[in-house]
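Novice: The following comprises the amino acid sequence and a computationally predicted model.
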Amino acid sequence: MVNAKELLTVAKSLPVDPELFRGLFRQILEVRLFEEETIQLFHSAKIIGYLHPSIGNEAAEVGATAGLAKADIIFPTHRGHGFFVARGASFEKLMAELMGKEAGYCKGRSGDLHMVAPEVGIMQVQGILGSQLPQAVGTGVAHQCQKNGRVTLCAFGDGAAGNGTFHESLNLASIWKLPVVFFCVNNGWAASFPFTKSTSAATNAIRAVGYSMPGYDVDGTDVWQVYCTVKEAAERARAGGGPSLIQANTVRWRGHDPSDTAPYRPKEELETWDLHDPVRIARKQALDRKLLSEADIEKLKGEIGKKIAQAVEWGLAQALPARADYLAEVSGKF
Amino acid sequence: MVNAKELLTVAKSLPVDPELFRGLFRQILEVRLFEEETIQLFHSAKIIGYLHPSIGNEAAEVGATAGLAKADIIFPTHRGHGFFVARGASFEKLMAELMGKEAGYCKGRSGDLHMVAPEVGIMQVQGILGSQLPQAVGTGVAHQCQKNGRVTLCAFGDGAAGNGTFHESLNLASIWKLPVVFFCVNNGWAASFPFTKSTSAATNAIRAVGYSMPGYDVDGTDVWQVYCTVKEAAERARAGGGPSLIQANTVRWRGHDPSDTAPYRPKEELETWDLHDPVRIARKQALDRKLLSEADIEKLKGEIGKKIAQAVEWGLAQALPARADYLAEVSGKF
Amino acid sequence: MRQLQYNEALNEALIEEMTRDEKVILIGEDVGAYGGVFKVSKGLLERFGPERIRDTPICESAIIGTATGAALMGMRPVAEISFIDFILLAMDQIGNHVAKIMQIAPGLLELPMVIRTEGGVGGGIGCQHSQSLEALFAHLPGLKIVMPSTPYDAKGLLKTAIRDNTPVMCIENKKLYALKGPVPEEEYFVPIGKADVKREGKDITIIATSFMVHEALKAAEALEKDGISAEVVDPRTLVPLDVDTLVASVKKTARALVVHEAVERCGIGAEISAVLNEKAYDYLDGPVLRHAGLNVSLPQNWHLEPVCIPSADSIREKVKSILG
Amino acid sequence: MRQLQYNEALNEALIEEMTRDEKVILIGEDVGAYGGVFKVSKGLLERFGPERIRDTPICESAIIGTATGAALMGMRPVAEISFIDFILLAMDQIGNHVAKIMQIAPGLLELPMVIRTEGGVGGGIGCQHSQSLEALFAHLPGLKIVMPSTPYDAKGLLKTAIRDNTPVMCIENKKLYALKGPVPEEEYFVPIGKADVKREGKDITIIATSFMVHEALKAAEALEKDGISAEVVDPRTLVPLDVDTLVASVKKTARALVVHEAVERCGIGAEISAVLNEKAYDYLDGPVLRHAGLNVSLPQNWHLEPVCIPSADSIREKVKSILG
Ligand SMILES: Cc1ncc(C[n+]2csc(CCOP(=O)(O)OP(=O)(O)O)c2C)c(N)n1
Ligand SMILES: Cc1ncc(C[n+]2csc(CCOP(=O)(O)OP(=O)(O)O)c2C)c(N)n1
Ligand SMILES: [Mg+2]
Ligand SMILES: [Mg+2]
């Protein structure tokens, strides 16, 4: 009936900045190696409770973060370690938090599902899908009142996009022309439910039409495309042009979490992983563009690996919160 | 950016059927006269609690009802007496219910805000705006499972359209291809809040694009246009073609309820009432098309007036529920 | 002293706090030009402009979420949900977020926000506009809850709530907005967590909330003729509950009756009864009893309302049956 | 007798009822191919097809609303909300609609629907996946609430719930799904509104719900060594509460302790305490006490969970402090 493509906006593509691209590549690698480590730690019960690794979303999270200014605010999803890493959060404090240690970002009270790092402008992860959208709108209200020139990027999954908060939040942001970028990471799956069954829209991005805001549908495994798109949307927002909606398409390579073997997933999908692996893609781009050599990449890997290993070691050495202290601190208080 | 018009569907317009049109005109008049009476009864404290008269929405409610089959289901809004009247509900039982009498549709327990008339296929009015949308979706699920050939029309206001249920419900209905017609009555106001401020979309109808369903924007004061549009949408739904979204534009001539003097409303709007008065419009159409004469209309008015007067008299004569009986009936039960 | 209506007192609290601190903003339906369904925000739009007085579409969940986000960025939002019944649409934002955000990020985040809403039966407007749902929020740790029963308390508690750095719910009552009472011209605050003995007595403690405070006072007046001296205690704050004041009163009277409009089952009366049994069992000469709303969904019928909630008369009866 | 897991027993209940009556359908997230987060709907999609086993997007409010609408049209839907924490998103549909629809249209409408969900602390998954929110629903008249603690009760109560013509909430517990217990091969039902004395005793009545029934039983075992004979009563249904069985037990023991995982304030323990004081005051030798979840938002930290909820050990301590 309607040609979806015509309803979408396409960001102006910027020439690749070598220095910046190298930085982005490094971050993508950091996220991947960080997550491979967290999965190991989960399987050896050093990381406890929940774990939702960003594998597959590295380029989306890194590219989006790069498109923002330092002072801008990010609401990550429950699968959002990549945002923390891209914002330069402390690997030590991240690992410690995932391990439930007192030295973690939130004294070991937030874990994977509720982490927050105000020092790098990252808001609290919410375990209730989609609940962060109106909260992001609220930060937009604050930016507007405070005339602080900030923008908020609100990430959410293709699954979370089914929640009514999507509608209420986009509507509010659009009538108030708030500086908010809605960033839907469509990794094809919401637990066992495929994106294709979850909506009849070809892409969430075309829903932007209903809120008179630009809608972008981008390849979320292409870091530069994500960067250009978020940058355009963020700058529009900063200039008073209001919100945008971006859908970044990625692939969730593994199960929903490390204990999910994803038996529901069609075998063919796994076979296409190479085509969607953000690390492989960024690597090829860096090599093709001669921004990095194979040797550079190996060296990078070594450096990052060491940094992560140190963070793990540090985290393991930290203390768990003492039960008695915790009890004394909270009892009778709430 | 996007031309909204191009995204909308326009229903095929059917030639006017004289008999049917006369029936519709009669119903429009019934609704108007019924509501003028309820307003009087409210001011004289015979109708108690809430009252949300349909004045301004007569053609939308009557036309929509006519577009359905008898066995189809209607979810009215809180401002939905027109649906009850158009479905041939008993004026006696309606009046009695509005007066809180035991002989009313719901034993005087539902009043204006929660009326229900299963005998004419009308579901319970909900006082929580927008909550009826997922319930309508559920009736669609039942129709589908029961293969009963029924369709549900779910009415809601421009205000209610702001609720997240809009998104969740349209999404579900579209992925399951349910026989549901979403019918947004945009009367320009949600209490004191104008439609134009409540959304940045020119019409809710364009949001249909995001759910891959047809979206219609119709003049809700033109009964025939509403009829043709709902009929088209209902027949598509019945044939397995899934849901549609219709916005019918009307004007809320009076305040939100009889006690609201609407000081917030721009004076100019009131001056345009003639252009939007469904009774005047339908009357002119009937006269122009020579379907009715002035005398016919006067006669009709007389007949309807009498019917309403009888219903009022009957209602006034009915008993209130006895407090002791009520207490005995409900205490310890829930 | 100057007499103000309850809604005027709340309005004054908002004006004072918004004048003092531009971080205070108001978000809700019909709060702008219309001045709020119960006229609490009358004149505020003209005074503070549309950036600070934000009329919203109908989206209760987003109203609370928006206030939350704004608070996280250092604003001090007051969100209005005009009927507490609608708040169920925002229950996730309140229960899973507003209540919890600070607790799971200890020391990292502040959430200085107020949720103003109202409850209570009156005027025949039915089960989706008449509930008293305060107990639901009391069961969600992380929310302070105030329920002012007089213009004085309303202004003083709302001002305190706005200055508090944690989330506070201010639950008003539709039958109280037009109530007049003394309100000083000079600035004052009512502390959160402090009950108020609204009437002294020695034979029984009637613990009543919100509008029921006034019914209890009327009942106490009438009970005097029956030779019964009733003390009326208004907790004012449900969380944190001022257990000390309640226990002190019961120590004196040895009997307690809890009165509220909310339905009885799992209402705040259950909590007060349980707490008094735990803390004052030895001073009691009989069980703490409850006199509360019927466990039913209120019909939209003015005529049946008295069947569903306590009144001065029914309180008096109940007290007599306890002491008789 | 045959041993089944709790989730297998629930699965069998669904299979039996869906086989018997094609009006029974299932609606929820991941209930299809995945078989449900806790495997309660395992194999159902294959058996009954996608029209009756409906996997939904993430839209809890619409899940409940959809079930409601389907029930109004004569279906008998079972809606699954995989964690009770998410149910706050559907609170309006449940509290303002499911609970009320039949009451305000007396005799006109039936609403034969079941809402299955689960609660409880376990596995370090934090405050938005570990709550026990049953008390919220008990405060909303019009909902029956069952909380099975064994595979036997789970199957029997779910079958009864599905055949009931009014809305029933079935609240399970994440720590129970893997629990094994006897379940007869032949068909049986467990009545709604009937408590079960899970262990007889004479010195104190421990009223425990859901997973805490098992902790209470362990505690009772241990208390035997302390010379204390504890009776353990599982209400099984919270609404309607089987007050008679509770009172009968207290008549015998003269002491009562209520144990649940939900936070203490305004939890179901408050209601039970209040009711026992009202109905059994004269048989009691001391106050009804509560031992419940801490009033706190649970950290996402497995290590801190034991601080926040009762255990067999802490129940034993508490009982000893009462009787000691
Ligand atoms: C409101 C709510 N419903 C359901 C869940 C359970 N749940 C957790 S993650 C998940 C899938 C999320 O999918 P998506 O939003 O696409 O994010 P992804 O995991 O794919 O990154 C589900 C259903 C939840 N946490 N919150
Ligand atoms: C969820 C909810 N929020 C707010 C209200 C209060 N309210 C009742 S009617 C109304 C305006 C409704 O506007 P609309 O949906 O356009 O219907 P109309 O009254 O114009 O027919 C409002 C805000 C409500 N009943 N429910
Ligand atoms: Mg996903
Ligand atoms: Mg309207």
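Specialist: Happy to help now that I have it. Numbering: from 1, shown residues only, chains lettered A, B, ... in the order given. Ligands and ions are numbered 1, 2, ... in the order given.
Novice: only C-alpha atoms for contact and neighbour calcs from this point on.
Specialist: Fine.
Novice: all helices for the stretch 51-200 of chain A, in order.
Specialist: Here the stretch 51-200 of chain A has its helices, by DSSP state H, counting those that start in this stretch, at A:58-66, A:81-86, A:91-98, A:132-146, A:165-175, A:195-198.
Novice: With the stretch 201-324 of chain C instead?
Specialist: Ranges of helices within the stretch 201-324 of chain C are C:211-225, C:243-253, C:268-280, C:305-308, C:312-323, based on DSSP H, counting those that start in this stretch.
Novice: Nearest to B:Arg26 among the helices of the stretch 51-200 of chain A would be which one?
Specialist: For B:Arg26, the closest of the helices of the stretch 51-200 of chain A is helix A:165-175, at 39.0 Å, according to CA to CA.
Novice: close to chain C, is the closest one?
Specialist: Yes - contact between helix A:165-175 and chain C, assessed by CA under 8 Å from any CA of the partner chain, occurs at A:Thr165, A:Glu168, A:Ser169, A:Leu172.
Novice: Would you show me how to pick out the buried ones of those in ChimeraX?
Specialist: Buried members of these, defined by 16 or more other CA atoms under 10 Å in any protein chain shown, are picked up in ChimeraX with:
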select /A:165,168,169,172
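Novice: Just flag the most distant two among the residues of helix A:165-175 next to chain C.
Specialist: Greatest spacing in the residues of helix A:165-175 next to chain C, by CA to CA: A:Thr165 and A:Leu172 (10.4 Å).
Novice: Present the helices of the stretch 201-324 of chain C as JSON lines; the columns should include distance to C:Gly119 and mean pLDDT.
Specialist: Compiled in JSON lines, the helices of the stretch 201-324 of chain C are given as follows (distance: least, CA to CA, whole Å; pLDDT from 0 to 100):
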{"stretch": "helix C:211-225", "distance to C:Gly119": "10", "mean pLDDT": "98"}
{"stretch": "helix C:243-253", "distance to C:Gly119": "24", "mean pLDDT": "98"}
{"stretch": "helix C:268-280", "distance to C:Gly119": "14", "mean pLDDT": "98"}
{"stretch": "helix C:305-308", "distance to C:Gly119": "14", "mean pLDDT": "98"}
{"stretch": "helix C:312-323", "distance to C:Gly119": "19", "mean pLDDT": "98"}
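Novice: Nearest to B:Met213, out of these?
Specialist: Across the helices of the stretch 201-324 of chain C, closest to B:Met213 is helix C:305-308 (CA to CA), at 44.9 Å.
Novice: who's in contact with the closest one?
Specialist: B:Arg323, B:Leu327, C:Val121, C:Gly122, C:Gly124, C:Gly293, C:Leu294, C:Val296, C:Leu298, C:Pro299 (CA atoms under 8 Å, 6 or more residues apart in numbering or on different chains).
Novice: Out of those residues, which comes closest to D:Ala99?
Specialist: D:Ala99 has its nearest neighbour among the contacts of helix C:305-308 in C:Val296, at 9.5 Å by CA to CA.
Novice: Can you tell me how far that closest one is from D:Met102?
Specialist: According to CA to CA, to the nearest Å, C:Val296 stands 11 Å off from D:Met102.
Novice: C:Asn7 too?
Specialist: Look at C:Asn7 and D:Met102: by CA to CA, they are 35 Å apart.
Novice: Identify all contacting residues around stretch A:113-129.
Specialist: A:50-51, A:70-78, A:80, A:83-84, A:87-89, A:97, A:105-106, A:110, A:132, A:156, A:159-160, A:163, C:96, C:101, C:104-105, C:108, D:58, D:86, D:125-126, D:128-129, D:300.
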